[in-house]
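>>> here's a sequence, model it:
(3 chains)
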Amino acid sequence: MTRLYYLFAMLLAMFLWGCEDDLPIDTEPDLELISGFPEGFEAGSKSSYEAATLVLGSGAWLLDNALIGTSANDLKNDVKSVRIKEQGDLTMLFDVNVPIEKVSLDVGVYGTDGTVSYEIWFSSDAGNTWETLSGPLTTDAIQLTPLELNTTIPAGEVRFQIRNTSFTPNRRLNVDDFSVYTTTGSTGNNNTGRDNNLGLGNPSNAISDIISENNYLMTLPQYSMSYNRSTATANWVSWHLNNAWLGDTPRQDDFRANPDLPSGWYQVHEYSYSGSGFDRGHLCPSADRDGSVEDNSATFLMTNMVPQAPQQNQQIWRLLEEYCRTLAAAGNELYIVSGPRGSGGMGSNGGVSQTVDGGKVRVPSAVWKAIVVLPNGSNDLARINTSTRVIAVDIPNTQGVGNDSWGDYRISVDELEDLTGFDFFNLLPLDVQQAIESQVDDLPVGG
DNA sequence: CTGCCATCC
DNA sequence: GGATGGCAG
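Predicted structure coming up:
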């Protein structure tokens, strides 16, 4: 009898659950405007169509063949809107990291320009690849007109872009009050998420084309780098660090050649440094990527290694790496770029070596690092300002510096740019770059 | 893969 | 001692 009762109760429960499941959805899910939106474009000024970055209330935006319109002919809410001319576009340079349910904006035609063709695009990988959200659209509105697009974009490194696809000259589009909505209860800001490893810029404009063999861009989920075929090391490795990357995965120690190098290029292999007196020194450290086996293993590709004097690598350099992780564990996120420079180091075999691996791998004379530190949060590009902390070091690749403090090797990013020829953090507004790159960090750092 | 070394907190 | 950086056989 008891058993029959349970059976009945279960059937009843399934029936009720089934009913509930079949109830028609008579209300659309509650939407929540993402922090920073609507973007009304009131915070910026730009009077030329030339491509440039603007930091606005929501974050940084790229206006290419577009400007901030303030004239009587600009359709606008309040006093400013974006004016995009034919073949121009407006692009978010920051990520939203929650599921997107809806996008809305106000659009119209500038002055008496004729019908404008435009499209809305989005990226789920921080702007690396784009797909259309809207399909081709047109407007001939002479007043700002709301456009709403319902969508379902999963949480990711999501950005949006508005393109004026008109070809005819003087078909200018006004855009204002751009809004992005997520479902209520989504975690909201990406406070502790993983951000773009190249979020502050590509220091040497590296590209993934074999024509650029000494400045060859390679992008992994764990870090990005510019590889140099002739030195057989990276020019730089760039990565984001915060507690979202940190875990307790054991060190994998699976040093190996990078199979993703273009065919025909020499692949530095596991034993290329053996007996040389130099460590296989990580640029992106193993312990910065121990959230999973895959993440940690990625740091052991030989393209992430540089021949480093053991006492430099295992002592002073290691202490700087640990200091960075301490900052991350304390609730900061860091953008780090690191690489070798120069030629000729002194390892444990004594004397100065220019190369290892039978001349195939260049030994740097110094290893450098540039670090931007900011509290965990979202819209990083917009939050970095003239008082954001930046640490840059340049440490000789030699035995004997091991007992020194890395703090004594701090220099300004400007000096580091002179030494390396790279342009660091170039997605930041110029005035911010000038402020933070001219200073030498002088906070007490111990060690 | 295991064992081992070194340094630093 | 434990973590982190490695090495050699």
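
>>> CA only for contacts and neighbour counts going forward, please
Will do.

>>> so, low pLDDT: which residues of chain A?
Across chain A, the ranges flagged by pLDDT under 70 are A:1-29, A:35-36, A:43, A:53-60, A:94, A:184-192, A:446-447.

>>> what residues does it put near DNA strand C?
A:273-275, A:278-282, A:285-288, A:313-314, A:318, A:321-322 (CA under 7 Å from any atom of the strand).

>>> one more pass at 6 Å, please.
A:274-275, A:278-282, A:285-287, A:313-314, A:318 (CA under 6 Å from any atom of the strand).

>>> go through the residues you listed and flag which are in strands.
Using DSSP state E to define strands, the subset of those located there is A:279, A:280, A:281, A:282.

>>> quick one: buried ones out of the residues you listed?
Buried by 16 or more other CA atoms under 10 Å: A:279, A:280, A:281, A:282, out of these.

>>> state the distance from residue A:101 to DNA strand B.
45 Å (CA to the nearest atom of the strand, to the nearest Å).

>>> element containing that residue?
Using DSSP states H and E, residue A:101 sits in strand A:100-109.

>>> equivalent analysis for residue A:296, please.
Using DSSP H and E, residue A:296 falls within helix A:293-298.

>>> then residue A:306?
Short version, using DSSP H and E: residue A:306 is in strand A:305-308.

>>> next helix or strand past that strand?
Strand A:305-308 is succeeded, C-terminally, by helix A:310-311 (DSSP H and E).

>>> which elements pack onto the helix or strand where residue A:218 lies?
If you go by DSSP H and E, residue A:218 is part of strand A:216-219. Applying 3 or more CA pairs under 8 Å, 6 or more residues apart in numbering; DSSP states H and E, one finds that strand A:216-219 contacts strand A:224-228.

>>> in the helix or strand that the strand it packs on is followed by, which residues are buried?
Next along the chain after strand A:224-228, taking DSSP H and E as the criterion, comes strand A:233-241. For strand A:233-241, the neighbour count (16+ other CA under 10 Å) marks A:233, A:234, A:235, A:236, A:237, A:238, A:239, A:240, A:241 as buried.

>>> so how far is strand A:233-241 off the chain centroid?
12 Å (CA atoms, centre = their mean, to the nearest Å).

>>> what does it contact?
A:194-199, A:215, A:222-228, A:283-284, A:288, A:303-306, A:325, A:328, A:333-341, A:361-362 (CA atoms under 8 Å, 6 or more residues apart in numbering).

>>> listing partners with orientation, what would you give for it?
Next to strand A:233-241 in the sheet, as set by DSSP bridges, lie strand A:224-228 (antiparallel), strand A:332-341 (antiparallel).

>>> care to break chain A down by domain?
Here the domain parsing of chain A from automatic domain parsing is A:31-183, A:210-437.

>>> just the endpoints, please. Distance across the first one?
In this case it means domain A:31-183. One end of domain A:31-183 to the other measures 5 Å (CA to CA, to the nearest Å).

>>> contact partners of stretch A:141-161?
With CA under 8 Å, 6+ apart, stretch A:141-161 has contacts from A:75-76, A:89-112, A:120-127, A:133-134, A:174, A:195-196.

>>> same thing but at 6 Å, please
Here stretch A:141-161 makes contact (CA atoms under 6 Å, 6 or more residues apart in numbering) with A:75, A:90-92, A:95-109, A:120-126.

>>> do the same with stretch A:263-272
By CA under 6 Å, 6+ apart, stretch A:263-272 touches A:255, A:256, A:257, A:357.

>>> list the contacts for the second one?
Yep, that's residue A:256 we're talking about. Residues near residue A:256 by CA under 6 Å, 6+ apart: A:269, A:270, A:301, A:302.

>>> tell me which of these is nearest to DNA strand B?
Using CA to the nearest atom of the strand, residue A:270 comes nearest to DNA strand B of the contacts of residue A:256, at 10.3 Å.

>>> count of residues packed around the residue in the stretch 101-250 of chain A that DNA strand B sits nearest to?
Residue nearest to DNA strand B within the stretch 101-250 of chain A (CA to the nearest atom of the strand): residue A:250, separated by 11.4 Å. By the criterion of other CA atoms under 10 Å, residue A:250 has 14 neighbours.

>>> same check on residue A:124?
20.

>>> give me the spatial nearest neighbour of it, chain neighbours excluded.
In space, and not counting its chain neighbours, residue A:124 is closest to residue A:158: 4.3 Å by CA to CA, 6 or more residues apart in numbering.

>>> cool, and residue A:298?
The shortest distance from residue A:298 to any non-neighbouring residue, by CA to CA, 6+ apart, is to residue A:222 (6.9 Å).

>>> report all helices and strands that the helix or strand harbouring residue A:180 contacts.
Assigned by DSSP H and E, residue A:180 falls within strand A:173-183. When contacts are defined as 3 or more CA pairs under 6 Å, 6 or more residues apart in numbering; DSSP states H and E, strand A:173-183 packs onto strand A:31-33, strand A:81-92, strand A:100-109.

>>> what's the separation between whichever residue of the stretch 201-350 of chain A sits closest to DNA strand B and residue A:34?
The stretch 201-350 of chain A approaches DNA strand B most closely through residue A:315 (5.1 Å), counting by CA to the nearest atom of the strand. For residue A:315, the distance to residue A:34 (CA to CA) stands at 44 Å.

>>> next one: residue A:40
Taking CA to CA, one finds residue A:40 at 14 Å from residue A:34.

>>> higher neighbour count, these two?
When neighbours are counted by other CA under 10 Å, residue A:40 and residue A:34 differ, and residue A:40 comes out ahead with 25 against 21.

>>> got a list of what the more buried one touches?
Neighbour list for residue A:40: A:176, A:177 [criterion: CA under 6 Å, 6+ apart].

>>> among the residues of chain A next to DNA strand C, which pair sits farthest apart?
A:275 and A:287 (24.7 Å; CA to CA).

>>> the two: which is more packed in?
residue A:287 (21 against 12).

>>> picking up where we left off before, nearest to DNA strand C, of the contacts of residue A:256?
residue A:270 (8.8 Å).

>>> just give me the neighbour total for that closest one.
Neighbours of residue A:270 (other CA under 10 Å): 16.

>>> need the strands paired with strand A:233-241 in a markdown table (columns: mean neighbour count).
Putting the strands paired with strand A:233-241 into a markdown table (neighbours: other CA atoms under 10 Å) gives the following:
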| stretch | mean neighbour count |
| --- | --- |
| strand A:224-228 | 25 |
| strand A:332-341 | 25 |
